[in-house]
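Visitor: sequence and predicted structure are below.
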Amino acid sequence: MDDSHNFRIAQDDLTLVIDLDGTLIRSDMLYETFWSAISRRWLNLVPALHAVCQGRAALKRRLEELGAVEPGFLPYNTEVIAHIKDWRAQGGRTALVSASDQRIVDRISAHLGLFDDVHGSDGKHNLKGEAKAERLLELYGRGNFVYVGDSSADVPVWNAAERAVTVDVSPALAKRVDQQAGEVKHLQTGGADRTHAAFRALRPHQWLKNVLVFLPLLAAHKFEWLPITQALLAFVAYSLIASSVYLLNDLLDLAADRAHPRKRTRPFAAGDLPLSWGTVMTPALLLAGFALAAFLGTGFFAVMAFYFVMTTAYSLALKRKLVVDICTLAGLYTLRIIAGGVATQTPLSVWLLAFSVFFFFSLAAVKRQAELVSSAAQGNIKAQGRGYTTEDIPVVANMAVASGYISILVMALYLNTDAVRRLYNETAPLWGICLVLLFWVSRTVMITHRGWMQDDPVIFAAKDRVSLVCAVSIFVLATAGVML
């Protein structure tokens, strides 16, 4: 259907009234302010819960006070804005009327400069549904306005309007509005498929990191079916819990992601996925992951609980702490190896743990280096949501190189131990692994320095042809050590 004429009607006596949540913006300000408040200080959850008892309007006012959102970074519906501009260009009046708090609505209106009237909830009365319909009738009179909305709560308002315009509503709601309202226009703005967006939000590509749970089996040459099955279950549990943490991190990082050139396309930041979905999916995935972890034993459950605590602490605070963030990331990578050892009852070598700590510290430093290089390219002095400035780039790069080289030194020392001689028939090929790693670490830091690292280094390695050749070379050299 061609909806280009939706707003081209007599302008003299009608006011175009626009809803905010799900209409003007592809988000919901209640959830926006909630997650903004929690990201600033997790203890803000306490006054937020207290405000729930005082009613929905009071809750919105309290969340606005605790987590005011910058209007410039919200995911606006560009097609709705285009129609508003078209209406105004023809001399029509416009109003932004929302159940969101008045302070939020005022700031958004001031930012856009598109509205003659602005009305929102006042902290005592929630301007939604019947209440909104009554307010509009008081302001404009029945049949003197066109209402643009998106949800079933807007049905009473559409019924009171001269004309109804829906935005991205379901077929069932569209049919209901057709039956109850007068003249109706349905506007489809081409929003993303929510199922696909939800899958993207889980970051399935990040599950590659959880392959580390198999490393203890590989290092110990333990290839029986039982431990392999246990490792597979550990991988699934880790992926479920990790995805819940990714969702939580995205919800807490909305402002920073929207200011980032690549992260702003993430489902929540872009408005492709409702924040309400994330609020439900996060605990659901967490419970499923921990249920599977409990099946694998109390030891593995304890490791996963520690992982969740640390990743949550990282999302809430540690990622903003200088150097602490890199140490935490390195520890979380290494914890995957520990989890694999615990799940499969495989003793962990001190050499393996030492190599992991230094190697993953290097990768974590590369990740921060990449963010700083990207910030510098945009002309920003400081990385958004991090404790570093672009002046720190040389130091962070040196940390990445030094730690990476130390990890290779640890491996070289390990190759001279009796444990290696018992596991491998010939140790000479294993020295080639050190050379491959030396090349890969050096190249990775150089690529990052030149601004070519556009992703997490682990994910980058999975897509990079040279890195894949290095991985195959390491596998061949290790196999040669066993077979020769």
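Guide: On my side now, so go ahead.
Visitor: show the end-to-end separation of stretch 386-395, please.
Guide: 15 Å (CA to CA, to the nearest Å).
Visitor: what does stretch 456-471 give?
Guide: 17 Å.
Visitor: now swap in stretch 144-162 and tell me
Guide: Using CA to CA, first and last residues of stretch 144-162 are 6 Å apart.
Visitor: again with stretch 264-281
Guide: Taking CA to CA, stretch 264-281 runs 20 Å from one end to the other.
Visitor: show me what that stretch is in contact with.
Guide: Stretch 264-281 has contacts (CB atoms under 8 Å, 6 or more residues apart in numbering) with 25-28, 31-32, 35, 75, 77, 191-192, 194, 197-198, 200-201, 244, 247, 250-251, 254, 257-258, 263. All C-beta spots, glycine's among them, are computed from the backbone N, C-alpha and C.
Visitor: from those, which would you call buried?
Guide: If you count burial by 16 or more other CB atoms under 10 Å, the buried members of the contacts of stretch 264-281 come out as 25-28, 31-32, 35, 75, 77, 191, 197-198, 200-201, 244, 247, 250-251, 254, 257-258, 263.
Visitor: show the average pLDDT along stretch 105-113.
Guide: The average pLDDT within stretch 105-113 is 95.
Visitor: what do you get for stretch 430-449?
Guide: 95.
Visitor: and for stretch 316-324?
Guide: Averaged across stretch 316-324, pLDDT comes to 85.
Visitor: starting at the chain centroid, how far to it?
Guide: Once both centres are worked out by CA atoms, centre = their mean, to the nearest Å, stretch 316-324 turns out to sit 17 Å from its chain's centre.
Visitor: could you list the domains of the chain?
Guide: The record's domain parsing of the chain by automatic domain parsing lists 15-187, 194-483.
Visitor: thinking again about what came up before, show me the buried ones among the contacts of stretch 264-281 that map onto helices.
Guide: Judged by DSSP state H, these include 31-32, 35, 197-198, 200-201, 244, 247, 250-251, 254, 257-258 as members of helices.
Visitor: for those, give me a markdown table that also has pLDDT.
Guide: As requested, those are exported to a markdown table (pLDDT from 0 to 100):
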| residue | pLDDT |
| --- | --- |
| 31 | 95 |
| 32 | 94 |
| 35 | 94 |
| 197 | 93 |
| 198 | 94 |
| 200 | 94 |
| 201 | 94 |
| 244 | 95 |
| 247 | 94 |
| 250 | 92 |
| 251 | 94 |
| 254 | 90 |
| 257 | 87 |
| 258 | 88 |
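Visitor: ok, so of the residues you listed, who is nearest residue 426?
Guide: Using CB to CB, residue 244 comes nearest to residue 426 of those, at 44.5 Å.
Visitor: of the ones in helices among the buried ones among the contacts of stretch 264-281, closest to residue 454?
Guide: Using CB to CB, those come closest to residue 454 at residue 257, 15.2 Å.
Visitor: contacting residues around the closest one?
Guide: Per CB under 8 Å, 6+ apart, neighbours of residue 257: 250, 263-264, 266, 268-269.
Visitor: likewise residue 423?
Guide: By CB under 8 Å, 6+ apart, the neighbours of residue 423 are 220-221, 482.
Visitor: neighbour-wise, which of those residues leads?
Guide: residue 220 (18 neighbours; other CB atoms under 10 Å).
Visitor: gap between it and residue 160?
Guide: According to CB to CB, to the nearest Å, residue 220 and residue 160 sit 72 Å apart.
Visitor: how much distance is there from stretch 436-447 to the middle of the chain?
Guide: 29 Å.
Visitor: nope, stretch 468-484 is what I was after
Guide: On CA atoms, centre = their mean, the centre of stretch 468-484 falls 36 Å from that of its chain.
Visitor: for it, list every residue counted as buried.
Guide: For stretch 468-484, by 16+ other CB under 10 Å, it's 470, 473-474, 477-478, 480-481.
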